[in-house]
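A.B. asks: Quick check, what structure comes out for this input:
(one chain, ligands or ions: 2)
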Amino acid sequence: MASEIIKQITEYLVSAEVEKREVVKVTANIKPDLTVEEAYEAQELLVQTKLDQGHRIVGPKMGLTSKAKWDQMGVSEPIYGYVFDYMLVDNGGVVPFQIHPKVEAEIAFLIGEDIEGPGITGAQVLAKTEYVLPALEIIDSRYENFNFTHTDVIADNASTSRVVFGNTLKKPSELDLDLVGATLAINGQIKDLGAGAAVLGHPANAIAVLANMLARKGQKIKKGDLILSGALTGAVLLNVGDFVSGKFDGLGEVTFTMG
Ligand code: OOG
Ligand code: MG
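C.D. replies: Ligands and ions are numbered 1, 2, ... in the order given. As a prediction, this is how the structure comes out:
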């Protein structure tokens, strides 16, 4: 059973998301000494709350897995969160504006077999991956100005808000994912670019880290999970009406309009 303070943190963040309003970070308000363990407890309660509301998990996601993100956010330890079905927007669709959305270019993994840590390597992840595909993640921290510590962002489900997956699925053996280049353009202007290697040397390494982090809680990556491996570029702030395009070498284009 979650303690009262964990319940309070989860309610604080769930209502901020639902009401589309930014709040002061947990460590500046409810619990200054929030630990990593407590932050994941609050996240688990948030996940359970959404499951109870009838939402379905698409898969876990990794965040803060590239130097571009570490430099941008001032937090340099990988974290995970969860993507739900209500967060999915079709390629080419309209993403509903929430609080202060930012977009990231990512490589996603469709998992073909359960992956249970500890000790999982990127090579083992690739062997159990059915397909890889491109994605644009829209993060939208519930915290004022995306201002948070490592534990705040964990409790806030790693800023997860919306995801647009691309339509090109490839077998991992068809590509050198570390060499896959990506550009991120807003209204036709390139704002950032990178390659798969920006994500812990190879995006599969981020999925391995996830398997090993989940193992500490007796959990595993499951067959059928569709997992984001983390931004390979910095995140770019969006405005209503922006047309966003991510182009991935060998994996096609992903687009959306900010509604
Ligand atoms: C945390 C989420 C980061 C990624 O891909 O690195 C993330 C944040 O920067 O708000 O999703
Ligand atoms: Mg991300």
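A.B. asks: which residue packs closest to the most centrally placed residue in the chain, ignoring adjacent ones?
C.D. replies: The chain has Lys61 as the residue nearest its centroid, 4.4 Å off, counting by CA atoms, centre = their mean. Closest residue to Lys61 apart from its sequence neighbours, by CB to CB, 6 or more residues apart in numbering: Leu228 at 4.0 Å. Every C-beta, even on glycine, is put in place using the N, C-alpha and C of the backbone.
A.B. asks: I'd like to check which residues are in contact with the one you found.
C.D. replies: Applying CB atoms under 8 Å, 6 or more residues apart in numbering to Leu228 gives the contacts 59, 61-62, 83, 106, 108, 135, 137, 163.
A.B. asks: same check, this time on Phe248
C.D. replies: By CB under 8 Å, 6+ apart, the residues touching Phe248 are 105, 107, 134, 166, 168, 180-182, 254.
A.B. asks: how about 10 Å then?
C.D. replies: Listed by CB atoms under 10 Å, 6 or more residues apart in numbering, the contact set of Phe248 reads 105-107, 132-136, 166, 168, 170, 175, 180-183, 195-196, 232, 254.
A.B. asks: That one bridge partners, please.
C.D. replies: When bridges are called by DSSP bridges, Phe248 pairs up with Ala182, Gly252.
A.B. asks: picking that back up, so which of the contacts of Phe248 belong to strands?
C.D. replies: Among the contacts of Phe248, the members falling in strands (DSSP state E) are 105-107, 132-136, 181-183, 195, 254.
A.B. asks: Just the buried residues of stretch 201-221, please?
C.D. replies: Neighbour-count burial for stretch 201-221 flags 202-215, 220-221 (criterion: 16 or more other CB atoms under 10 Å).
A.B. asks: And the residue nearest to Lys61, how far from ligand 2?
C.D. replies: Distance, Leu228 to ligand 2, by CB to the ion, to the nearest Å: 6 Å.
A.B. asks: Lys220 too?
C.D. replies: 21 Å.
A.B. asks: Also Gln189?
C.D. replies: Distance, Gln189 to ligand 2, by CB to the ion: 21 Å.
A.B. asks: what sits opposite that residue in the beta ladder?
C.D. replies: Going by DSSP bridges, Gln189 forms beta bridges with Ile186.
A.B. asks: just the one 10 residues further on next, same as before
C.D. replies: Following DSSP bridges, Val199 is listed with bridge partners Ser66.
A.B. asks: residues contacting it?
C.D. replies: By CB under 10 Å, 6+ apart, the contact set of Val199 is 62, 65-69, 78, 106-107, 177-178, 205-207, 229-232.
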